[in-house]
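Undergrad: For reference, the sequence and a predicted model appear below.
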Protein chains: 2
Amino acid sequence: MELDPKVKERLRSDKGASLIMSADEAAAMVKDGMVLGVSGFTASGYPKAVPHALAERGKRGEKFKVDVYSGASLGSEIDTEMTEAGILGKRMPYMTDKTFRKAVNTGACDYVDMHLSQSAQYVNYGVMPKIDMAIVEALAINEDGSIVPTTSVGNTPSFIRQADKVIVELNTLQPLSLEGMHDCIILDNPPNRKPINITKPNDRIGKPYMECGWDKIAGIVITDIQDGLRPLGAISEDSQKIADNIIEFLNGEVKAGRLTDTLLPIQSGVGSVANAVLYGLLESDFHDMTCFTEVVQDSMLELIKAGKVNCASTTAITPSPEMKEKFDKECELYKGKLVFRPEDISNNPELIRRLGVISMNTALECDIYGNVNSTHVNGSGMMNGIGGSGDFSRNAAITIFSTVSTAKHGDISSIVPFCSHIDHTEHDVMVIVTEQGFADLRGCTPKERAVKIIQNCAHPDYRDKLMDYFERACKESALQTPHLLDEAFSWHIKAMKTGSMK
Amino acid sequence: MELDPKVKERLRSDKGASLIMSADEAAAMVKDGMVLGVSGFTASGYPKAVPHALAERGKRGEKFKVDVYSGASLGSEIDTEMTEAGILGKRMPYMTDKTFRKAVNTGACDYVDMHLSQSAQYVNYGVMPKIDMAIVEALAINEDGSIVPTTSVGNTPSFIRQADKVIVELNTLQPLSLEGMHDCIILDNPPNRKPINITKPNDRIGKPYMECGWDKIAGIVITDIQDGLRPLGAISEDSQKIADNIIEFLNGEVKAGRLTDTLLPIQSGVGSVANAVLYGLLESDFHDMTCFTEVVQDSMLELIKAGKVNCASTTAITPSPEMKEKFDKECELYKGKLVFRPEDISNNPELIRRLGVISMNTALECDIYGNVNSTHVNGSGMMNGIGGSGDFSRNAAITIFSTVSTAKHGDISSIVPFCSHIDHTEHDVMVIVTEQGFADLRGCTPKERAVKIIQNCAHPDYRDKLMDYFERACKESALQTPHLLDEAFSWHIKAMKTGSMK
């Protein structure tokens, strides 16, 4: 069989040709009860053809279930289609998909929500049931059977090592110029782990490919399917105000001499607020910035291109479709500046503390004492996973959480007396930002925090009501963190009954 | 003036003699509104004479207040006497003192409860108001004015560096053979921080003394006061059962091949359960163990002496009075095996993750989904601070929390539907242990966790009631983490009204 030249330059051994098969043939190797470890982190660099074919098996009525471990959330071929097909058992470590969310919240699927930096470790320490098969998107397979990743590294190196068999989706759509931007390594398990020798975000310690070997590769599927990238929404007025407030806070830190105008490495969550903040930095006086994060979106790529950011460490990029097109053409521009790492490196506590990351993530709700809920609606319903926010928030130099002060057209206050679920405790949350302003909670007692949060961050419609709760709680007792337990969730309960906290 | 030979060997420069003064004279240098940084971590290595004299100033009716930063809780001369004297303003980062607790919970004193690894950082980054004066217990002052600590290092190196003036309490009671056991360093602030080159608990990276210099030393007070050490209580039956359950869990990990019989470095909180666990290890088959912790008590010293533990890293020792007497005589035995570090090293996320620490701490209460309350009674009243438990729990290889399943003679269940305060989230808590058994929560969904916790850990008197809450919550909705918000705190509310959760 004569290989397409596009395939030939990516399949770098004669051993490869005989392993080429259709997605259906590859999917047929998956058996009921298997644990699959798949590449990908957010809708980036994940396998598409084989999971689609697998879902089709389920949709045709075949009864089987598989557990799926990944780097983070994935594209619709897995989180949507496999859920719809009823073939997803347990899933970890992160999710954002609407269909999968519904399945989790009806009990149809099991979801383990965990700190992303711990997910490879749970595999490598043997805590989770063993991975039977890895399904991995690749840019190329080298002569020795090692695998070059595409736009994410995630947990893939560890998954490949543990899997008995590996199915590779060789994606000819991904630009070969990505090669060399990955820095792959599997950390030794304690007590044999050595210091991770990274002192700048673009320091390299690993290899530009993932170890595998031909013995393990059970099938190669040639694809040219694009990641399920999404167009970026316009930046809302509220997001812009939040971004302005964060930049005002950062400017204050510079003025106080606690930061310089190159800041410290930035970690930024995804979404509208994150984009607004980063676009704000594009127009700021800050310069020679760096980034140490888990996902890079359009705005960070722009910052690098504009020379405002010197280098960025990440485990994935998830640009908009338009930006991806540009990125694929200009990939060389980013070499030496953008490094893709496994997520136990991108999110490693060692590096986050050492580099002094400025961590910026979003909250679903925040309470008057500074606890943050990132994951659950009304304490019970999973919205999105915690992701890497806990890795960063506990260990960063500065931890910022932001949220619009109200939701549902003003009916829900994002600042509440008591968070209905707590993902980030009062000890972790240094700064809270809404479109109303920011509250710097560092060095504050709980009561000092409450006043700042209510006055600076709550929406004016809820300020008096929050202050009333706080003052009555203080009157009942002057305890360290005054609460009225019989009213603590009354705002949530009211909203569940009436649709509004008002 | 001819110096006592005991003083002479500890005051290693002629510059010292003229600085010797009484505790009253030293205390007179403290002015209203000052921020004091004091040595000490738990009732170990803290200044005693000057704080006592300072409290006396307050008790004589002088009106002034000072903020006090320390390593952790301190002995009664500070946390009790200064509180009683009404001269304590803001206090950070940890507390356990009964008198100070009362003052915090009546609003008489301000208390900032924080992760211990972040406390030096808050000082070094300039987040907290600047330290005016450091008051430091010393074993010796070297010729160049550098200071040798006694039985704790805590945050003292950073406090000395930031303070304008330093008062030294030279304690002739502390054995000179402690010299050489300290490993002092101040980490560079990011972005200039380098990897911390420790791969075994007893690796050394710093100096056996803290930098200071004669210019800063404003007074030297000679003392021979013992730390406020407390006799150890007998190990209760419940503590013993908890210890047995922890050791059973660890044995299971060895059997499953996830640990070897040398375990991984142990971090252990203080108190009856911790002592029982460590005494349990003394009689176990584990050998050549290591320890990476923040406080070492009698049991760990016994483990080292018995050759069961090869080396231990800590920031302080707080032995019982009997053990301290032995330790002072046998100090040489521990050289090279016991290392005292600053607490931003002893609790550093970098080292905790790299070394793969087994973290064992106690919970006040734990909820059915695995969230842990370590600090607040009924969500409002401060009990003890969070201390280093958050540094360890988020970053350890294995995170264990233990509690007796009931308190107040069975009237309070330590397993509740919803924790009234959350210090350790569901994402951090891997194993819960009570005298009833243990629940290994790793890789479990919230609903799987609830069943394990209720069945294995809750007291039989509360098991049905907890299961009833859980089942009704699941019936109402099959959401990821089913709760009945209007009942979530009903157990606490009932206990506050009737004294019992029954």
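TA: That came through, no problem. Residues are numbered from 1 along each chain as shown, chains lettered A, B, ... in the order given.
Undergrad: Number of residues surrounding residue A:459?
TA: 18 (other Cβ atoms under 10 Å in any protein chain shown). From N, CA and C alone the C-beta is placed, and that goes for glycine too.
Undergrad: quick one: contacts for the nearest residue to it once chain neighbours are set aside?
TA: Of all residues not flanking residue A:459 in the chain, residue A:405 sits nearest, at 3.9 Å (Cβ to Cβ, 6 or more residues apart in numbering or on different chains). By Cβ atoms under 8 Å, 6 or more residues apart in numbering or on different chains, residue A:405 lies in contact with A:413-415, A:434-436, A:457-459, A:462.
Undergrad: what do you get for residue A:478?
TA: Going by Cβ under 8 Å, 6+ apart, residue A:478 touches B:105-107.
Undergrad: Surely it forms part of a strand?
TA: No. Residue A:478 is assigned coil when assessed by DSSP: H, G, I helix; E, B strand; the rest coil, not a strand.
Undergrad: if we can go back for a sec, now the phi/psi pair for the residue nearest to residue A:459, please.
TA: Main-chain torsions, residue A:405, degrees, to the nearest 10: phi -70, psi -20.
Undergrad: circling back: wait, which of the contacts of residue A:405 is closest to chain B?
TA: residue A:413 (15.5 Å; Cβ to the nearest Cβ).
Undergrad: State the distance from residue A:367 to chain B.
TA: 10 Å (Cβ to the nearest Cβ, to the nearest Å).
Undergrad: can I assume that residue is in contact with residue A:420?
TA: No. Here residue A:367 does not reach residue A:420: they are 9.1 Å apart, not a contact under Cβ atoms under 8 Å.
Undergrad: What residues of stretch A:97-110 count as buried?
TA: A:97, A:99-101, A:103-105, A:109-110 (16 or more other Cβ atoms under 10 Å in any protein chain shown).
Undergrad: Generate CSV for the contacts of residue A:478, with secondary structure and distance to residue B:193 as supplementary columns.
TA: Listed next are the contacts of residue A:478 as CSV, based on DSSP: H, G, I helix; E, B strand; the rest coil; distance: Cβ to Cβ, whole Å:
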residue, secondary structure, distance to residue B:193
B:105, helix, 38
B:106, coil, 41
B:107, coil, 38
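Undergrad: so which of those also contact chain A?
TA: Of the residues in those, proximity to chain A by Cβ under 8 Å from any Cβ of the partner chain holds for B:105-107.
Undergrad: what secondary structure does residue A:202 sit in?
TA: Classified using three-state DSSP, residue A:202 is coil.
Undergrad: burial count for the closest residue to residue A:49 other than its chain neighbours?
TA: Residue nearest to residue A:49 in three dimensions, not counting chain neighbours: residue A:23, with 3.8 Å by Cβ to Cβ, 6+ apart. Number of residues near residue A:23 (other Cβ under 10 Å) recorded here: 23.
Undergrad: OK, contacts around residue A:434?
TA: Neighbours of residue A:434 in contact, by Cβ under 8 Å, 6+ apart: A:242, A:245, A:402-405, A:414-415, A:457-459.
Undergrad: picking that back up, tabulate the buried residues of stretch A:97-110 (CSV), appending pLDDT.
TA: Shown next, in CSV, are these (pLDDT from 0 to 100):
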residue, pLDDT
A:97, 95
A:99, 98
A:100, 97
A:101, 97
A:103, 97
A:104, 97
A:105, 97
A:109, 97
A:110, 97
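Undergrad: Distance to chain B for these - can I get that in JSON lines?
TA: Formatted as JSON lines, those follow (distance: Cβ to the nearest Cβ, whole Å):
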{"residue": "A:97", "distance to chain B": "14"}
{"residue": "A:99", "distance to chain B": "15"}
{"residue": "A:100", "distance to chain B": "11"}
{"residue": "A:101", "distance to chain B": "9"}
{"residue": "A:103", "distance to chain B": "10"}
{"residue": "A:104", "distance to chain B": "5"}
{"residue": "A:105", "distance to chain B": "5"}
{"residue": "A:109", "distance to chain B": "9"}
{"residue": "A:110", "distance to chain B": "5"}
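Undergrad: Which of the contacts of residue A:405 sits closest to residue B:175?
TA: residue A:457 (53.0 Å; Cβ to Cβ).
Undergrad: Any figure for the gap between the closest one and residue A:470?
TA: To residue A:470, residue A:457 is 13 Å away according to Cβ to Cβ, to the nearest Å.
Undergrad: Please name the nearest non-neighbouring residue to the residue of the stretch 151-300 of chain A found nearest chain B.
TA: Using Cβ to the nearest Cβ, residue A:190 is the residue of the stretch 151-300 of chain A that sits closest to chain B, at 2.4 Å. In this structure, residue A:190 finds its nearest non-sequential neighbour in residue B:356, 2.4 Å apart by Cβ to Cβ, 6+ apart.
Undergrad: where exactly do the helices run in the stretch 251-400 of chain A?
TA: Secondary structure of the stretch 251-400 of chain A (DSSP state H, counting those that start in this stretch): helices at A:272-282, A:298-305, A:321-330, A:343-346, A:349-355, A:389-395.
Undergrad: Next, the angle helix A:321-330 makes with the second one.
TA: Using axes from the mean of the first three to the mean of the last three Cα atoms, to 10 degrees, the interaxial angle of helix A:298-305 with respect to helix A:321-330 works out to 30 degrees.
Undergrad: before we move on, what about the first one?
TA: When the same axes, to 10 degrees is applied, the directions of helix A:272-282 and helix A:321-330 differ by 50 degrees.
Undergrad: Next to chain B in this structure, residues from the stretch 51-200 of chain A, please.
TA: A:90, A:92, A:104-107, A:110-115, A:117, A:121-122, A:125-129, A:189-191, A:193-197, A:199-200.
Undergrad: Restricted to strands, list the residues you listed.
TA: The strands, defined by DSSP state E, take in A:90, A:92, A:110-111 from those.
Undergrad: ok, so of those residues, who is nearest residue B:334?
TA: Nearest to residue B:334 among those, with distances taken as Cβ to Cβ, is residue A:92, at 43.3 Å.
Undergrad: which residues touch that closest one?
TA: Contacts of residue A:92 (Cβ under 8 Å, 6+ apart): A:69-70, A:111-114, A:119, A:122, A:128, B:443.
Undergrad: In CSV, list those along with distance to residue A:316, pLDDT and neighbour count.
TA: Below are those laid out as CSV (distance: Cβ to Cβ, whole Å; pLDDT from 0 to 100; neighbours: other Cβ atoms under 10 Å in any protein chain shown):
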residue, distance to residue A:316, pLDDT, neighbour count
A:69, 16, 98, 26
A:70, 11, 98, 29
A:111, 20, 98, 22
A:112, 20, 98, 25
A:113, 19, 98, 25
A:114, 17, 98, 23
A:119, 14, 98, 27
A:122, 19, 97, 21
A:128, 21, 96, 23
B:443, 23, 97, 16
